[in-house]
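Engineer: sequence and predicted model, in that order:
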Amino acid sequence: MFPTNFLWGAATSAYQIEGDPLAAGAGASIWHQFAHQSGRIANGDTGDVACGHYRHWAKDVALMAELGLTAYRFSVAWGRVLPNGIGAVNQAGLDFYRRLIDALCERGITPMLTLYHWDLPQALQERGGWQHADSPTWFANYAEVLIRAVDDRVPLWITLNEPWVVTVPGHLEGVHAPGLQNRAATPRVAHHLLLAHAAAVAVYRALGRHQIGLAVNLEPQTPASTSTADQLAAHRRDAFINRWFLNPLLLGSYPPELPEIFGADWPNFPASELAQIHTTTDFIGVNYYSRGLVRADATEQSLGARRIQPLNAPCTTMGWEIYSAGLTETLLELRNRYGDIPLYITENGAAFIDSVQAGIINDAARVNYLKSHLHAAQLALAQGIDLRGYFVWSLFDNFEWAEGYAQRFGLIHIDAQNGNRTFKRSAHWYREFIQNGGF
C-alpha cells in the first residue's frame, strides 16, 4: 500500500489547456508566437482554444473531484498575470488563478502550482529572453507577485518545469519556442534558468510558508551494448540530460562532461553564481516517461551518442519505449547521487490511439501503462525512497506542443467540436485505484 497521506494527482500546463491566451488583458507568450508561425506545429494547431479550461475551469474542478484527485498540478501563465513580464499586474489574470485555487481548496484538492511551464512572455523574449542576464530577476519578481497573492492556499510550489526542455529543444534544436538554434547561447540559458530557480527560492524563503522545488525530466541512459564506447556514450548523455540541472543545484557544480561537450561555447561561470544555485530545495519533481537506449555515434557532433529504438519493444505513439522499470531505477539513482530528498512524480503518462466504441473510450494500453509505472513507484517506496505523490500526465487530451492535438495523453477526452468532457477507461481505473489507496 501507499502511505495514507500520499498525494494522488494529475498534471496540466497553462498554454496546453487554457485557451483564450490573450483574454482580459493577458500578454502574448513565446508559445503563442511560436504556434502561429507557419510550419512549427503539426497540422497548424495552436493553443488558441486548447481545452477551453479558461472558460470551463469550474466544470473541470468538479471533474477532478469526481475523479477522486487529492492534488492537482497546474501552471500559471506568466503573461496573464504580468502582460509585459514585468511591471503592472493584470488583476483579471491574477483573479482567474485565485478562483481556481479557491475552488480546488473547497473540494479538498491540494494545489501544486508551477510558476513556469515554458510560456515566457513575448515582451521579455524581445528583450533577450532567458539569454538576458536580468532574466533571473524578472522571474523572481514574477514569483513574488504569486507568492504574496496565493501562498496562503498553495502548499506546494514548483519554480520551473523541465528546464532542460526549455534549453535544448527551445534554444539548441529550435523545435520548441522560442525556436532558436544557438549553440553558444545554450549553456547561458541553462545557467540563467538555474539562477532564476535560486532567486525564486530566495523570495519564497523570505515570504512563503510551505515548500518549493524544481521539476526535471529524467530518464536512465542504458548502453546499447557492453562495449566501452557505448558505456561512455550513455554516461555523456546522462550528464547532458539528467545531471545538467541537478548537479549544480544539489552538489554545487556542473558535470565535468558538459565543458567537454560544448567546448569553447561553455562559459566560465563565476563561483559566486554557482554558490547561489547550490540552494536548499524542499523537494524534486520527477517527470518520467521512458529511458534512453544509447549507442556511440561519432557523427552526433560533440555528444558522440545517439538514442536508438530497441527492437520489438512496446512503444507509445510518441515512439517512446514503455519501460516502467526505469522509473524505479531513476528514483533509486536520485537517492544514490544526491541523498534522501523528498520526491514527487510530477509527470508520468503515455500517448496512445484510444478506441471509441458506443461512446466508451477504451484506452486499455494507458491503463496498463499506469499500472506498471505505479507498481514501479511502489517498488521504490519499498526500498525506502521518500516518495510523496504521483501525478498523471495529463488530466486532459491537450495541446501537446509541437505535436499539436495529434498526441493524446489524457485521462479525459475533450470533444474538439463541442468541448464535452468524457472520462476514459483509464480515468475510471485511476479513480478506483485512488479510492483503494493503491493496488
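Structural biologist: Cool, the structure landed.

Engineer: helices along the stretch 201-350 of the chain, start to end?
Structural biologist: 228-238, 244-250, 257-262, 271-277, 325-338 (DSSP state H, counting those that start in this stretch).

Engineer: how about those in CSV, adding distance to residue 435?
Structural biologist: Using the backbone N, CA and C atoms, a C-beta is placed for each residue, glycine as well. CSV is the format used below for the helices of the stretch 201-350 of the chain (distance: least, CB to CB, whole Å):
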stretch, distance to residue 435
helix 228-238, 38
helix 244-250, 35
helix 257-262, 46
helix 271-277, 42
helix 325-338, 23
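
Engineer: spatially nearest residue to the residue minimising distance to the centre of the chain (excluding sequence neighbours)?
Structural biologist: The chain has residue 161 as the residue nearest its centroid, 4.1 Å off, counting by CA atoms, centre = their mean. Distance criterion CB to CB, 6 or more residues apart in numbering; nearest residue to residue 161, sequence neighbours excluded, is residue 117 at 4.4 Å.

Engineer: my read: the one you found touches residue 13, true?
Structural biologist: Yes: between residue 117 and residue 13 there is a contact at 3.8 Å, judged by CB atoms under 8 Å.

Engineer: what do these two both touch?
Structural biologist: 75, 161 (CB atoms under 8 Å, 6 or more residues apart in numbering).

Engineer: hmm, residue 52 is touching residue 21, no?
Structural biologist: No: judged on CB under 8 Å, residue 52 makes no contact with residue 21 at a distance of 11.9 Å.

Engineer: direction included, what does the helix or strand bottoming out on mean pLDDT in the chain pair up with?
Structural biologist: For the chain, counting by mean pLDDT, DSSP states H and E, strand 355-357 ranks last in confidence among helices and strands (a mean of 83). Under the criterion DSSP bridges, strand 355-357 sits next to strand 360-362 (antiparallel) in its sheet.

Engineer: any chance you could list what contacts the strand it pairs with?
Structural biologist: Contacts of strand 360-362 (CB under 8 Å, 6+ apart): 354-356, 413, 422-425.

Engineer: same thing but at 10 Å, please
Structural biologist: For strand 360-362, contacts defined as CB atoms under 10 Å, 6 or more residues apart in numbering pick out 354-356, 397, 408, 410-413, 422-428.

Engineer: show the average pLDDT along it.
Structural biologist: In this model, strand 360-362 has an average pLDDT of 94.

Engineer: helix or strand right after that strand?
Structural biologist: Going down the chain from strand 360-362, the next helix or strand is helix 364-382, by DSSP states H and E.

Engineer: and the angle from that next one to helix 325-338?
Structural biologist: Angle, helix 364-382 to helix 325-338, by axes from the mean of the first three to the mean of the last three CA atoms, to 10 degrees: 30 degrees.

Engineer: what distance separates helix 364-382 from the centre of its chain?
Structural biologist: Centroid separation for helix 364-382 versus its chain: 19 Å, with CA atoms, centre = their mean, to the nearest Å.

Engineer: can you pull the buried residues of that helix?
Structural biologist: For helix 364-382, a neighbour-count test (16 or more other CB atoms under 10 Å) marks 365-370, 373-374, 376-381 as buried.

Engineer: repeat for stretch 71-87
Structural biologist: Buried positions in stretch 71-87, judged by neighbour count with 16+ other CB under 10 Å: 71-83, 85-86.

Engineer: and of these, the nearest to residue 29?
Structural biologist: For the buried residues of stretch 71-87, the minimum distance to residue 29 (CB to CB) is 5.0 Å, reached by residue 79.

Engineer: sticking with that closest one, tell me its helix or strand.
Structural biologist: Assigned by DSSP H and E, residue 79 falls in helix 78-81.

Engineer: repeat for residue 143
Structural biologist: Counting by DSSP H and E, the element that carries residue 143 is helix 135-150.

Engineer: which strands and helices sit next to that helix?
Structural biologist: Packing partners of helix 135-150 (3 or more CB pairs under 10 Å, 6 or more residues apart in numbering; DSSP states H and E): helix 78-81, helix 91-106, strand 110-116, helix 122-125, strand 156-161, helix 186-207, helix 271-277.

Engineer: and the residue sitting furthest away from the middle of the chain, its phi and psi?
Structural biologist: Within the chain, residue 358 marks the point farthest from the mean C-alpha position, 34.3 Å out by CA atoms, centre = their mean. With angles defined as degrees, to the nearest 10, residue 358 sits at phi 50, psi 40.

Engineer: wait, which of the helices of the stretch 201-350 of the chain is closest to residue 127?
Structural biologist: Closest approach to residue 127 among the helices of the stretch 201-350 of the chain (CB to CB): helix 271-277, 20.5 Å.

Engineer: ok so, going back, selecting buried members of the contacts of strand 360-362 in ChimeraX, what would you type?
Structural biologist: To isolate the buried members of those in ChimeraX, using 16+ other CB under 10 Å:
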select :354,397,408,410,411,412,413,423,424,425,426,427
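
Engineer: about what we covered before: let me see the mean pLDDT of the helix holding residue 79.
Structural biologist: The average of the pLDDT scores along helix 78-81 is 98.
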